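>>> Sequence plus the predicted model coming up.
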Amino acid sequence: MQYIKDLDKKAYEYFANIAPAQWTRSHFTPRALTDYLVNNLSESFNLMILKSRDKPILAMLEWIRVRLMTRLYAKRERIEKYVGKLCPSIQDNLEKLKFESKPFSATPAGSFLYEVTSQYERHVVDFVKKTCNCRYWDLNGILCKHAITTIYTNIETPETYTHPCYHKETYMEIYKEAGHPSKERGAPDEPKNPYKASRLNRPVRCGKCKKEGHNLRGCKVGITGETPWQRRQRLEREKAVRGGVPTSSTRSGSVPQPSPVNRSISGVRTRRQLAAQRPPKMNSVGGKSKGQK
């Protein structure tokens with residue numbers, strides 16, 4: 001604060017009235033796992049939607065939805081092709097910290113407790129709490145250069161001690177659902193059409209037999225308007241009439257009707273019988289018939 005006061009007295013008075021946890025990294029909570037103090041994310045979003053700001057509210061929201069859906073899909077496709085345990089940007093940052101850890105040396109001070117020193121610095125690293133007094137490790141979830149020195153002393157890899165939120169599997173889980181196209185749905189407060197019957201209050205009616213309780217697919221009525229049982233009974237009666245076999249109705253005492261085919265054969269003579277009864281034709285020349293020589 002004294003350094004800020006020496007630079008700008010008005011800035012010192014402004015920050016003095018704000019809680020340190022809201023503007024200085026030394027008082028941030030370890031739950032955030034970030035070291036950014038700027039609002040670049042919101043500024044980038046405002047720049048992205050600059051083309052759709054002049055559109056109506058629904059059209060603008062639909063444009064933002066499609067843009068985010070395509071962006072999430074591109075992120076997921078790119079991370080699937082990446083080979084490594086950590087995300088690319090985190091891996092690059094960790095490689096820089098590995099290079100900066102070369103001037104330091106670690107000395108064991110207890111169980112999983114180390115003292116890391118250099119020509120100008122001295123720090124304490126606790127592997128049980130996963131903290132360093134520089135607060136870079138516990139605030140960001142990424143190993144600081146002092147913790148990397150102790151890990152190399154134990155012949156281990158720094159990627160193992162990085163927070164799981166920076167792993168590739170976590171990144172893929174976040175972008176697994178890339179979004180779905182929206183469907184046309186009515187608003188919750190949209191008034192209902194009074195002239196449109198509701199499906200809940202409308203009875204199901206069959207288009208074949210015009211009866212309620214079932215639809216066309218589940219209708220049991222045939223093309224003739226008969227049920228399967230009625231059709232079987234009708235076919236049995238027709239078969240019995242043609243063959244003269246008594247059915248269940250004729251067995252009870254009714255007289256069977258003769259078959260229309262038999263009746264027509266017994267009452268009508270055939271052409272061959274009629275031709276045999278006709279007299280022979282006479283020949284016009286000589287007055288003889290064809291049978292006389």
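On my side now, so go ahead. Numbers count the residues shown, from 1 in each chain.

>>> what about residue 191, which helix or strand?
When elements are assigned from DSSP states H and E, residue 191 belongs to no helix and no strand.

>>> how many other residues sit next to the nearest residue to residue 85 once chain neighbours are set aside?
Sequence neighbours aside, residue 159 is the residue nearest to residue 85 in space, at 5.2 Å (criterion: C-beta to C-beta, 6 or more residues apart in numbering). The way it works is simple: take the backbone N, C-alpha and C, and place the C-beta from them, glycine included. Residues near residue 159, counting by other C-beta atoms under 10 Å, number 16.

>>> and residue 159, what does it touch?
85-86, 91, 94 (C-beta atoms under 8 Å, 6 or more residues apart in numbering).

>>> Only the buried subset of those residues, as a ChimeraX command please.
Restricted to buried positions by 16 or more other C-beta atoms under 10 Å, the ChimeraX selection for these reads:
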select :86,91,94
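
>>> any chance of the contacts of residue 159 in CSV, with secondary structure, pLDDT and distance to residue 61 too?
Compiled in CSV, the contacts of residue 159 are given as follows (DSSP: H, G, I helix; E, B strand; the rest coil; pLDDT from 0 to 100; distance: C-beta to C-beta, whole Å):
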residue, secondary structure, pLDDT, distance to residue 61
85, coil, 90, 38
86, strand, 92, 35
91, helix, 92, 36
94, helix, 92, 39
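
>>> lowest-pLDDT helix or strand in the protein?
helix 260-267 (a mean of 45; mean pLDDT, DSSP states H and E).

>>> any idea how far residue 123 lies from residue 2?
23 Å (C-beta to C-beta, to the nearest Å).

>>> Just name the closest of the contacts of residue 159 to residue 25, please.
residue 94 (19.2 Å; C-beta to C-beta).

>>> List the contacts of the nearest residue in space to that closest one that is not next to it in sequence.
Of all residues not flanking residue 94 in the chain, residue 158 sits nearest, at 6.0 Å (C-beta to C-beta, 6+ apart). By C-beta under 8 Å, 6+ apart, the residues touching residue 158 are 94, 97-98, 143, 147-148, 151-152.

>>> And the strands in the stretch 101-250 of the chain?
In the stretch 101-250 of the chain, the strands defined using DSSP state E, counting those that start in this stretch lie at 105-110, 113-117, 122-126, 131-132.

>>> residues contacting the residue nearest to residue 116 when sequence neighbours are not counted?
Once flanking residues are discounted, residue 116 sits nearest to residue 146: 4.1 Å by C-beta to C-beta, 6+ apart. Neighbouring residues of residue 146 by C-beta under 8 Å, 6+ apart: 101, 104, 106, 116, 121, 123, 125, 132, 134.

>>> ok, how many other residues are close to the fourth one?
If you count neighbours by other C-beta under 10 Å, residue 116 ends up with 26.

>>> Please apply the same query to the first one.
Other residues within reach of residue 101 by the criterion other C-beta under 10 Å amount to 23.

>>> and residue 135, how far is that from residue 26?
With C-beta to C-beta as the criterion, residue 135 and residue 26 are 7 Å apart.
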